[in-house]
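Peer 1: here is a sequence with its predicted model. Questions after.
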Amino acid sequence: MDHHQVTSDAYSEQPAAPTLLATSTGRLTPARQTVIDILNATRQALTHHEIESQARANGVRFDRVTLYRALDWLVVQGIVHKVAAEDRVWRFNAIRSSNAEQAHFHCTRCGAVECLDHTETRLPIRTPAGYKVERSEIMLHGVCAACAN
Ligand SMILES: [Zn+2]
Ligand SMILES: [Zn+2]
């Protein structure tokens, strides 16, 4: 494919999600690969709309249903994770080995949601006796570096 995302950022050294995958439940179709390429190129969690526009900027067009299905499949496969900010819009990014735990930074000015490295597996919150935590999602709210300038 010749529509590689050219955006790079400070995190481009991070290990990327797998770019090839074949499982019993499906294959890595061009649409799925396009979505992974876009998500691997940024640490921003992107909405459907943002993924769609980036794909179009890269010369790839797919209809909304194809995009939704591709994202659903990538989430089920554990290649992509999703997070909702205060606007309740789902945002997606690739799962990198370093952020198996979900931690995000939400900028209250520009609305961007960024994936953060979070390797601390011990919760800073104690749960009542008898409760068993299955997963945690940490959302930090504040002002991102770009907006702070
Ligand atoms: Zn911001
Ligand atoms: Zn994330």
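Peer 2: Sure, I can see it. Ligands and ions are numbered 1, 2, ... in the order given.
Peer 1: kindly report the residues of the chain close to ligand 2.
Peer 2: Residues of the chain that fall close to ligand 2, judged by Cβ under 5 Å from the ion: 45, 93, 115. Every C-beta, even on glycine, is put in place using the N, C-alpha and C of the backbone.
Peer 1: longest single helix anywhere in this protein?
Peer 2: Selection of the longest helix in the chain by residue count, based on DSSP state H, yields helix 64-76.
Peer 1: in the protein, which spans are helices?
Peer 2: Going by DSSP H, the chain shows helices at 30-40, 48-57, 64-76, 145-148.
Peer 1: what about the shortest one and ligand 1, any contact?
Peer 2: If I follow you right, that is helix 145-148. Yes: counting by Cβ under 5 Å from the ion, ligand 1 has neighbours in helix 145-148: residue 147.
Peer 1: could I get the average pLDDT for that helix?
Peer 2: What helix 145-148 shows for mean pLDDT is 96.
Peer 1: which strands and helices lie in contact with that helix?
Peer 2: Helices and strands touching helix 145-148, by 3 or more Cβ pairs under 8 Å, 6 or more residues apart in numbering; DSSP states H and E: there are none.
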